[in-house]
Every structure is written in structure tokens, then in C-alpha cells.
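Student: mind folding the following:
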Amino acid sequence: MHTHHHGHDHHHHHMGHAQASANSERLIRFGMMLTFVVFLIKIIGGYWTGSLALLSDGWHLAGDLLTLGLSWWGVKQSLKPPSRRQSFGRFRAEILSAFTANLILVGVGAYILIEAMRSVTEPQPVSSGWMFWLTLAGLVIYTALTYMMSKEKDNMNAKSAWLHFLGDALSSLAILIGAVVIHFTGWFWVDPVLGGLVGLVIGIGAGKMAWEGAHILLQFAPEHFEPDQVEESVLKLPNVSAVTDLHLWSLTPTQHFMSCHLAVDVSTIGEGEIIIRHVQQKMLEEFGIHHVTIQLETSSCSTCFHTVVDMNSHCQDCPQTDATSEIIQIEPN
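Tutor: Numbers count the residues shown, from 1 in each chain. Alright, predicted model coming up:
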């Protein structure tokens, strides 16, 4: 028995994701405009005051503008509807752009850190007053943007943008404190140290996001549950004796897929469909898997219609097995 069955909530799930993506697209576009304003403020202010921390933050914002642009493009692509040739739509564009954007940010963070290490041995005088007020303007803007994006973190590009804005707000806060310290103590070395810390925070945060994107692009199983847990959960259902060829992957951080073969003890298609519905409901409730495709079999087989031969079990109908249940080596065409 070979039955493919999908849940009834897919259309609603896609509609919900599209609505969230549309909201994210608007917020990211708004964030890009404000980021450009702050970028000009910090670059001009950094050269004017001689502050490496301001300059580092300014060039970090240039990287942010590039990555936000990529994130915006990814979200726009994900809003395009599926087609016959692109049955999943373009949701993966969201992941690809977020992955690329965060790799760029890792490089920006490393560059800032290297420049800070060079400058800390020969700190330059900075104008702490202007440094304070210019940074305060950026802090206000990025605190507002961080709050606005905090509700859009289901979308990977929105989450990436939220991380950027949070990092910008924290780095602005650090530079603000640094400006006060420099003003009252004259410790100019505080400026490159803060610049280096900004670079370190940016690099670590972006590295984690890039790793998450790589997991999705390489079709790793979702990180919030183990494949063994899924298999054990399915085996607890009545009339299910084995789970083989289990595959788990994600299209986006919130859209998870599963396919498998189930050995079941049923005699009609109707009984098989009842098992399928139970599996779908269980996977959705326990693991958040919305898309489940199942092939039903009357016996456990890991070899039929597979590219990898599993020597542990064979079925009598398998074309790779003879009457003695030994594997027949099939030469590739």
C-alpha cells in the first residue's frame, strides 16, 4: 500500500507565513532607511571626533545595510507564490539571503576586532562630547527598531534583522558609556576596546545565525527535537510495527517536513488513512511538523526503491533480493 497524505492545515500555514513575511518586509524596509540615516551620522561623526568606536560602528552599519538589503530581498522572494516548477515557492531564498548576510557580518565583525587590536596600543584622542550625543541618537533609533522587530522573529531574515538592531542598540549603549568614561577620566584606550567588543559581539551573533542557516540549507533535522524521538512517538501508535526511511528537514525555521515508510497491520485503505491522520496529528502536536508524507507497507523493508541498500531487512517483493533473501548486486546503468 503506497499512500501519500498531507495535513489540511498547509494552506492556512502558508497564508500565515506569507502574512508574517509581508509584515517583516515592511519593517525591514523601514529599518533600512533609518539605518542609512544613522550610518551617515556615525561615519561623519566618527571622522569628526576621531572615535574608532564610532567609526567601527559606522562601518558595521554599512555591513548592516548590505545584509538588511539581502534580508529584504529574501523576504520579497518568499512572498512569491508556488508554481508548477517551484512547488515549495521561494521560501529558501529567505534562508539563502540570511545565510549570506550573516557571513558578511562575520567578516565585518572580524575586521572591526582587528582594527581595534591595532589601535589599542596607540589610542587617539577623541571628542567625548560629540561622541556621546551622536551615539545617543543612534541608541534611541535602534532601541525603537529592536522593539518593533521583536514580534517578527519567526522569519529568519526578520530574526537576523532583529539581531542586527539589538546588536546596534547594545553597541551604541556601550559607546555611550565609553564617552562618559573618556570625558571624566581621559582614558582614550577605552574607545578602541569598546570598538573591539562591538566587533566581537557582531561576529559571534552573526556566526550563530549563519550556522542556523547552514543547517537548513544542508537539510539537517530540526534542532529542537531528535529523529529518535520522532520514531519512538510513531511506534507508540496502534498497528505500527516499524518506521524506516525516516527523513526530517526544514524549509524555513518554522516549516518542518517529514517523510517515512511505515510497516502497518491493516487490511483496507481506510484503516491505513486513519493511521496516517493519527501520525500527522501527533507530529504536529508534539514536534510542530506540518508537512508529513507517509508510505504504508505491510512489512518492514529498508531496501525497496532506495538508493542505499540496508542489509538488515529485506522483503520478498524487493527487486534486489532473490529467493534465498540475499542481496543481488545491481550494476548502475
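
Student: what's the offset of stretch 226-233 from the middle of its chain?
Tutor: Stretch 226-233 sits 23 Å away from the centroid of its parent chain (C-alpha atoms, centre = their mean, to the nearest Å).

Student: tell me the buried residues in it?
Tutor: Val230, Ser233 (16 or more other C-beta atoms under 10 Å). Bear in mind the C-beta positions are built from the backbone N, C-alpha and C, glycine included.

Student: how long is stretch 258-272 from one end to the other?
Tutor: One end of stretch 258-272 to the other measures 18 Å (C-alpha to C-alpha, to the nearest Å).

Student: number the residues from 398 up from this point.
Tutor: Will do, 398 is the new start, and the previous item becomes stretch 655-669.

Student: what does that stretch rub up against?
Tutor: 398, 400, 627, 631, 636-645, 672, 676, 680, 686, 688-698 (C-beta atoms under 8 Å, 6 or more residues apart in numbering).

Student: narrow these to just the buried residues.
Tutor: For those, buried by 16+ other C-beta under 10 Å: 627, 631, 637, 639-643, 645, 672, 676, 680, 686, 688-689, 691-694, 697-698.

Student: now do the contacts for His561.
Tutor: Asp461, Thr464, Leu465, Leu502.

Student: and the gap between the third one and Met430?
Tutor: Going back to what we said before, that points to Leu465. 10 Å (C-beta to C-beta, to the nearest Å).

Student: buried ones in the helix or strand hosting Ile574, by neighbour count?
Tutor: If you go by DSSP states H and E, Ile574 is part of helix 553-582. With burial defined by 16+ other C-beta under 10 Å, the residues of helix 553-582 counted as buried are 553-573, 575-576, 579.

Student: just after that helix, pick out the following helix or strand.
Tutor: Counting by DSSP H and E, what follows helix 553-582 is helix 587-614.

Student: between helix 553-582 and that next one, find me the angle.
Tutor: 170 degrees (axes from the mean of the first three to the mean of the last three C-alpha atoms, to 10 degrees).

Student: just checking, what packs against helix 587-614?
Tutor: Here helix 587-614 touches helix 449-475, helix 488-516, helix 553-582, strand 637-649, going by 3 or more C-beta pairs under 8 Å, 6 or more residues apart in numbering; DSSP states H and E.

Student: show me how far that helix is from its chain's centre.
Tutor: 15 Å.

Student: next secondary structure after it?
Tutor: helix 624-632.

Student: that following helix vs strand 637-649, what angle?
Tutor: Using the same axes, to 10 degrees: helix 624-632 against strand 637-649 is 130 degrees.

Student: and helix 624-632, C-alpha only, in CSV?
Tutor: Taking only C-alpha atoms (Å, rounded to 0.1, in the frame of the first residue of the first chain), the coordinates of helix 624-632 have been written out as CSV:
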residue,chain,number,x,y,z
PRO,A,624,14.9,11.8,15.0
ASP,A,625,14.9,9.0,17.6
GLN,A,626,12.1,10.9,19.5
VAL,A,627,10.0,11.1,16.3
GLU,A,628,10.5,7.4,15.6
GLU,A,629,9.6,6.4,19.2
SER,A,630,6.5,8.6,19.1
VAL,A,631,5.2,7.0,15.8
LEU,A,632,5.9,3.4,17.1
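
Student: pLDDT of that helix, averaged?
Tutor: The average of the pLDDT scores along helix 624-632 is 92.

Student: cool, stretch 691-704 as well?
Tutor: Mean pLDDT, computed over stretch 691-704, is 64.

Student: what of stretch 480-490?
Tutor: pLDDT averaged over stretch 480-490 gives 71.
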